[in-house]
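In: Next input, structure requested:
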Amino acid sequence: MAKWIMVVDDDTSNLQMAGHILSKNNMRVTALKSGRALLDYIDEKGVPDLILLDIKMPEMDGFETLSKLRELEKKKGINEVPVIFLTADENTGTETRGFEVGVSDFIRKPFNPDVLLKRIENVISMQHEMLSLKSEATLDKLTGFLNKGATTVKLSEKCNKETGCLMMIDLDSFKLVNDIYGHEMGDKVLISFAEIIKATVPQGSENGRIGGDEFVSFCIGMTEENQVAEITRELNEKLVASAKEMMGEDMNIPLGVSVGAIMVPKYGNDYTSLLKLADKSLYKVKKNGKHGFEVYSTDAQKEDDANTVVMDIKSLSEILGERNVPSVALQMDMDAFSYVYRYIIRYIARHNVNACKVLFTLEQPQFIEEQTYKDSCDDFGNHVRQSLRKSDILTRSRFNQYYVFLTDIREEFTGKVINQIVNSWYVEHGQNITITYDSEFVRSEDGATMGMDNKHIIVVDDDENNLQLISKILQTQNIRVTEMHSGLDLVDYVQNVEELPDMVLLDAKMPEMDGYEVLRKLREIGGDAARMSVILMTADDSEGAEAEALELGAMDFVKKPFVPEVLLLRVNHILELVTLRKRFHKIK
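Out: Predicted coordinates for the structure are as follows:
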């Protein structure tokens with residue numbers, strides 16, 4: 001199917017030139033003359049594969065258009081369309097700002113047709129691969145439900161924002177299906193049961209698979225025990241009917257469904273804590289006959305606790321520990337936070353590590369309604385949790401304040417982390433709240449820091465000064481750098497090393513073997529070496545240089561002399577894809 005490209009430019013000659021180049025190469029082209037026209041078109045007719053967006057336009061420039069586009073995509077619940085900025089501006093600040101707000105690439109005007117086509121092809125290819133990898137990261141392949149990790153993230157958000165019922169749903173006697181009828185039939189039962197859950201729970205509910213035959217559902221708006229009873233009855237009846245349809249009427253396995261439920265926010269809004277309580281209720285059902293349900297209540301729990309004489313270390317550890325560890329910061333109430341805070345301060349003093357305290361205060365703009373402001377204050381906490389590492393912690397000190405503790409962080413990185421939280425909020429939500437913050441860096445006595453996991457980049461350049469400069473720039477981001485002086489060194493390295501680097505920065509002009517020849521050699525080697533992410537660096541301004549580099553498989557083409565901030569942004573842009581690839585074993 002032909003790729004669909006939208007070109008947005010107020011200059012008719014640029015529209016005609018881009019349209020001619022793209023149409024000639026079998027692409028469907030829609031030409032529009034303003035940012036407003038783009039937003040209206042997408043709202044009515046859907047999204048293309050890619051947008052070429054001019055930066056300098058009257059009324060609404062490219063940056064404002066991109067911001068409003070992301071708001072529209074979020075409102076409609078659709079994936080972000082990759083955007084390439086078109087510009088004749090050589091100002092590096094423009095490029096830096098573009099990457100910070102999420103643009104996929106820049107193309108200079110006037111267009112080089114080969115460069116235009118190759119950069120479009122690269123961006124669309126990267127977008128498709130990242131969507132595929134992210135789908136792999138979030139969806140259970142068998143049932144199409146959220147997988148365990150994604151369930152934690154999504155249901156944490158639901159529990160923070162919505163009223164409803166969190167249900168743990170477990171199949172009874174499912175192992176017998178695999179033992180008697182085989183695993184293929186077992187998979188069919190699980191697929192069918194997922195469809196049954198989807199059809200039975202209230203519309204708008206969120207469902208996940210967190211184990212082999214263990215599911216979880218957040219039933220939005222559900223607050224009554226009799227509703228849980230009705231859903232449990234329907235799940236049991238539909239499951240047995242479906243199983244007999246697949247395995248025959250003489251199927252006599254005692255298949256059934258047990259449900260442990262808890263009301264939200266009646267017993268809090270922390271997903272992990274709620275899930276443990278729902279799991280306790282599920283255990284009671286399993287212990288007392290199965291095929292039923294139990295809704296958590298504090299009275300029932302107190303009775304159970306009174307009847308418990310002693311617990312072993314394993315049981316206590318299971319109660320205290322997290323069922324699964326989400327890749328987000330840990331949010332606690334003020335009481336719990338105070339104990340952890342004191343512990344971390346002691347840990348810093350004892351083990352020579354650093355941290356940073358940040359207090360975000362959210363103020364109401366004059367043009368925003370009170371309810372919108374309060375809703376945004378609620379949403380901001382979830383935004384912070386999603387933006388930080390799972391080793392960071394936060395608490396809500398007032399309805400419009402969040403206190404954050406960044407652990408094991410270097411002082412020079414704190415500003416970048418804070419700005420990323422604030423800027424990404426404004427990009428996604430606009431100016432619906434005014435964010436201010438105070439920060440305080442906490443040093444250990446000797447100022448030592450604890451290192452983070454390194455990315456590994458090889459820099460290849462025959463100029464020693466360039467090697468040292470690039471290495472210094474990368475090392476400010478805690479990137480591990482290997483310096484090489486020739487393309488021959490790199491080719492020899494990749495053929496003899498067990499683990500390839502995350503990326504290669506490769507000089508184009510070197511004696512014996514230049515960067516272009518190195519790219520050809522890597523292709524000949526094949527396998528993972530041919531798929532390495534390579535950025536070619538050159539001072540060559542000729543039209544054919546960039547096109548040749550991209551055609552040979554370079555992920556990007558950076559001209560010397562480069563601005564450190566721009567180089568880092570381009571490197572980090574590609575490292576995001578590299579990280580996803582490694583996470584899902586696309587590169588060993």
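In: OK, contacts around N432?
Out: Applying Cβ atoms under 8 Å, 6 or more residues apart in numbering, we find N432 in contact with P365, I368, T372, Y373, S376. Backbone N, C-alpha and C define where each C-beta goes, glycine included.
In: quick one: which of these sit in helices?
Out: Residues of the contacts of N432 located in helices (DSSP state H): T372, Y373, S376.
In: got the residues you listed as JSON lines, with distance to R97 and neighbour count columns?
Out: As requested, the ones in helices among the contacts of N432 are exported to JSON lines (distance: Cβ to Cβ, whole Å; neighbours: other Cβ atoms under 10 Å):
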{"residue": "T372", "distance to R97": "27", "neighbour count": "14"}
{"residue": "Y373", "distance to R97": "28", "neighbour count": "18"}
{"residue": "S376", "distance to R97": "24", "neighbour count": "21"}
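In: about what we covered before: point out the least confident member of the contacts of N432, please.
Out: Least confident by pLDDT among those: that is I368, with 87.
In: so what's M537 scoring on pLDDT?
Out: What the model reports as pLDDT for M537 is 91.
In: which SS class is it?
Out: Taken by DSSP: H, G, I helix; E, B strand; the rest coil, the conformation at M537 corresponds to strand.
In: For S242, grab the count of nearby residues.
Out: 18 (other Cβ atoms under 10 Å).
In: residues contacting it?
Out: Contacts of S242 (Cβ under 8 Å, 6+ apart): V189, S192, F193, I196.
In: quick one: which of the residues you listed sit in strands?
Out: Among those, DSSP state E puts none in strands.
In: right, and out of those, which lies closest to S338?
Out: Nearest to S338 among the contacts of S242 is F193, at 43.8 Å by Cβ to Cβ.
In: got a markdown table for the ones in helices among the contacts of N432, with distance to D333 too?
Out: Shown next, in a markdown table, are the ones in helices among the contacts of N432 (distance: Cβ to Cβ, whole Å):
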| residue | distance to D333 |
| --- | --- |
| T372 | 25 |
| Y373 | 22 |
| S376 | 21 |
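In: Okay, E90 and T65: tell me how far apart.
Out: Distance of E90 to T65, given as Cβ to Cβ, to the nearest Å: 21 Å.
In: With neighbour numbers in mind, choose between the two.
Out: T65 (24 against 8).
In: Over to the closest residue to that one other than its chain neighbours: give its phi and psi.
Out: Leaving out its chain neighbours, the residue that sits closest to T65 by Cβ to Cβ, 6 or more residues apart in numbering is G35, at 3.2 Å. The phi/psi pair for G35 (degrees, to the nearest 10) reads phi -60, psi -40.
In: pLDDT wise, what is G35 at?
Out: Residue-level pLDDT assigned to G35 equals 94.
In: One more: the one 10 residues further on?
Out: For K45, the pLDDT comes out at 90.
In: Over to the one 4 residues further on?
Out: What the model reports as pLDDT for D49 is 93.
In: With H20 instead?
Out: 92.
In: Same check on L53?
Out: Note on L53: pLDDT of 95.
In: is it in a bridge, and if so with what?
Out: Note on L53: beta-bridge partners by DSSP bridges are V8, F85.
In: Thought V83 was touching it, still the case?
Out: Yes. If you go by Cβ atoms under 8 Å, L53 and V83 touch, sitting 5.3 Å apart.
In: Quick check: neighbours shared by these two?
Out: By Cβ under 8 Å, 6+ apart, L53 and V83 have these common neighbours: L66.
In: So the residue lying farthest from the centre of the chain versus K244, what's the distance?
Out: Outermost residue of the chain with respect to the C-alpha centroid, by Cα atoms, centre = their mean, is D250; its distance is 46.8 Å. Plainly put, D250 is 8 Å away from K244 if you go by Cβ to Cβ.
In: so how far is the first residue of stretch 166-179 from its last?
Out: 31 Å (Cα to Cα, to the nearest Å).
In: Off-centre distance for that stretch?
Out: The chain centroid and the centroid of stretch 166-179 are separated by 31 Å under Cα atoms, centre = their mean, to the nearest Å.
In: my guess is V558 meets I535, correct?
Out: Yes. Contact criterion Cβ under 8 Å: V558 and I535 qualify, at 5.8 Å.
In: Overlap of the contact sets of those two?
Out: Listed as contacting both V558 and I535 by Cβ under 8 Å, 6+ apart are R570.
In: in what helix or strand does the residue nearest the centre of the chain lie?
Out: Centroid check for the chain by Cα atoms, centre = their mean gives K134 as the closest residue, at 7.3 Å. Under DSSP states H and E, the secondary-structure element containing K134 is helix 113-138.
In: Let me know the next secondary structure element after that helix.
Out: helix 148-161.
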